[in-house]
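Sequence and predicted structure, then a few things I'm wondering about:
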Amino acid sequence: MNENRFIAVFRDIRDSLRRLSRRDWIVCAAVFPSVGFLCALYILFRPGNYIEPGTLGPLFFFGILYAALLSGALIRRDAWGRMIYFAFPPVLLLCEWLNFSPIEQFYAVTQLSFAMLLSVWFFCADTLCGDPAGHFRRSLRLLPTLLFGFLLYLLPVTILAHHIATGRNFTYDSIQAVYQTDLAEALHYFFTHFFCLLLFALLILCGAGLFFLNRIGASRGVSRGYLVCIALVLLGLSRPLYTELTGIDSLNRTKMLFTDSLQYFAVIEEYAARGPERMEMVKRHVEKASGEDGIFVLIIGESHNRNRCSAYGYEPDTTPFMKAASREPDFILMRNAFSCHVQTMQVVSCMLSAHNQYVKYGKTALPSIFDVLKYCGYYTVFLSNQYPHGRYDSPIAALVSGADECVWLNTMEDFILWRARFDETLLAPLSQHLRSDRSFVVLHLMGSHGPYARRYPKGFREDLASWHVYDRSVLYVDGVLERIFTMLRKNPRVKAALYLADHSEKPGVGHGADAYVQEIAEIPMLLYLSESLRRERPGLAETLRSHAGSVFTNDLTFELLLDLMGVRHTFGSPRYRIALPSYCLPFEEARTLLGARRLDGTEIKRR
């Protein structure tokens, strides 16, 4: 019985192809090259000369499907309202050109693939729902078109409407304004702004237009072969569509603007809700009237491989400042520092909180360094050259939201467009926050994060053009560190400063956890102790210098900072506090990947 049905469907498809007229074949012959020509034209006239390997294959595949279904719709001529799906790619391209310029070649390819994937999937979903419904009553075919068309065009039309009404880009701040608006405010805004009423009237007219378009042309019967082909395409594209809409590697800018912003709001709200629980833990573990006056600074590097630092024996002189500083009495170069993970989000979340790989606190909410220091009367500041929002950055933004002041040099739009300022731009805001008598300042650098050539100004050290671009980025970061530490050493209020990277980097490969090798956990670490601090606490300086060769994982930074500042606390264990004589972390016991592996890469079996 099933075999007979399959044969009947196959014959139906064969007969449909045989019934195509000469005019129908001319339509197909016109549509396919036109789609290909317009896509190629669009990509070629975009700035840039780089296309990501592997992205042209999906573009070709989705382009073929898009052209095939467009040809089929033009040949059938019985549901003209569904042509709105094939108008979606130029609408999305216009929307993103207005909101996210410039559109480079490498992004244009994935942009077109994403737009045509959505067009094809929604057309198939509409056809599969609308054609059987239209068999009973033709007007019912409109309902899926209205629903799916609304869903498809919601975000692009929102961005275009905002741009027309205000003349400004639709940004994270725009989404935040909508997110924080209640129903009463929304209704008041709608009825008091002419443009909203006009837009609503246009939507009604569009719905009416779709209704009449769907009534144009002769009604055709439902072809089983046609519906089976549509169903197969729909099922085949559902997984890629889901991946594009939810996957961590999906980079469509319109989608990212909305999904990453909403994720950020959710993470911030969840973190804030557990504030009382964190403060209860602070009160149990911290003596409030403790901590020394002065300014203490933490500098977090990015993707910094100590094996590419001349201070650690690398032959090209990539870190002349760090190498010279290691020989001075107020600096200590830690020779065996490692990262607790190889992704920024996980590492910084540990560095700035009581969480580490060695001491378990159960499921309780753990306090951040800002929670503890504000409790002890410090003014806390977070200065970042990274991004405040995004799939990797929102948890960090939530963590540092406890600081008295947060300064983000980059925006959500910079993240979407892969832009970032150079780390030297942190110097100006840093100088403005070195005037307090009791404060803690964190600087988060962009460091040597790929693409490496974007981490230093154009024309930087052109005499070293033969160097690997990663090494030049390391040299640039070293120069920035020299300027930062020069500023700190000249300020008598500054008591101590610590530089260490979040994780390392294997140049040209990256730092993925799925391809862990010890190199991507080996980081530089430099500690500055002012003359006044060394004079007041000689035992602290001697202890830290005696541990310069000890193994240290950067999830223990929280305890180190509190001990440097003289905050009396009971977090961690004495054997994991490097500022105490009792510190002892043998290499074979040290962990990374949040405790899942030993530093040598051996996987740890979980009970």
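Structure's in. What do you need?

what kind of secondary structure is residue 582 in?
Under DSSP: H, G, I helix; E, B strand; the rest coil, residue 582 falls in the coil class.

What is the neighbour count of it?
Residues within reach of residue 582, counting by other Cβ atoms under 10 Å, total 11. Where C-beta positions appear, they are placed from N, C-alpha and C, glycine not excepted.

Now residue 73: which helix or strand?
helix 56-76 (DSSP states H and E).

right, and the helix or strand after that helix?
Immediately after helix 56-76, counting by DSSP H and E, sits helix 88-100.

now the angle from that following helix to helix 56-76?
130 degrees (axes from the mean of the first three to the mean of the last three Cα atoms, to 10 degrees).

what about dumping the CA coordinates of the helix or strand where residue 272 lies to PDB?
In the assignment (DSSP H and E), residue 272 maps to helix 253-273. Output of helix 253-273 as PDB, limited to C-alpha atoms (Å, rounded to 0.1, in the frame of the first residue of the first chain):
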ATOM      1  CA  ARG A 253      23.200  41.100  12.600                       C
ATOM      2  CA  THR A 254      19.400  41.700  12.900                       C
ATOM      3  CA  LYS A 255      18.900  38.400  14.800                       C
ATOM      4  CA  MET A 256      21.900  39.100  17.000                       C
ATOM      5  CA  LEU A 257      20.700  42.600  17.900                       C
ATOM      6  CA  PHE A 258      17.400  41.200  19.300                       C
ATOM      7  CA  THR A 259      18.400  37.800  20.700                       C
ATOM      8  CA  ASP A 260      21.600  39.000  22.400                       C
ATOM      9  CA  SER A 261      20.000  42.000  23.900                       C
ATOM     10  CA  LEU A 262      17.100  40.000  25.300                       C
ATOM     11  CA  GLN A 263      19.600  37.500  26.700                       C
ATOM     12  CA  TYR A 264      21.500  40.300  28.300                       C
ATOM     13  CA  PHE A 265      18.300  41.600  30.100                       C
ATOM     14  CA  ALA A 266      17.500  38.100  31.300                       C
ATOM     15  CA  VAL A 267      21.000  37.500  32.700                       C
ATOM     16  CA  ILE A 268      21.100  40.900  34.400                       C
ATOM     17  CA  GLU A 269      17.700  40.300  36.100                       C
ATOM     18  CA  GLU A 270      18.600  36.900  37.300                       C
ATOM     19  CA  TYR A 271      21.900  38.100  38.700                       C
ATOM     20  CA  ALA A 272      20.300  41.000  40.500                       C
ATOM     21  CA  ALA A 273      17.600  38.800  42.000                       C
END
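
Now find how far off-centre that helix is within its chain.
11 Å (Cα atoms, centre = their mean, to the nearest Å).

Check stretch 158-170 too.
When C-alpha coordinates are averaged (Cα atoms, centre = their mean), stretch 158-170 and its chain have centres 24 Å apart.

pull the CA atoms of it into PDB?
Extracted in PDB, the C-alpha atoms of stretch 158-170 (Å, rounded to 0.1, in the frame of the first residue of the first chain):
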ATOM      1  CA  THR A 158      10.500  47.400  13.000                       C
ATOM      2  CA  ILE A 159      14.000  48.500  12.200                       C
ATOM      3  CA  LEU A 160      12.900  50.300   9.000                       C
ATOM      4  CA  ALA A 161       9.900  52.000  10.700                       C
ATOM      5  CA  HIS A 162      12.200  53.200  13.500                       C
ATOM      6  CA  HIS A 163      14.700  54.600  11.000                       C
ATOM      7  CA  ILE A 164      12.000  56.400   9.000                       C
ATOM      8  CA  ALA A 165      10.300  57.800  12.100                       C
ATOM      9  CA  THR A 166      13.400  59.000  14.000                       C
ATOM     10  CA  GLY A 167      16.200  59.100  11.400                       C
ATOM     11  CA  ARG A 168      18.300  57.000  13.800                       C
ATOM     12  CA  ASN A 169      19.600  53.500  13.800                       C
ATOM     13  CA  PHE A 170      17.700  50.900  15.800                       C
END
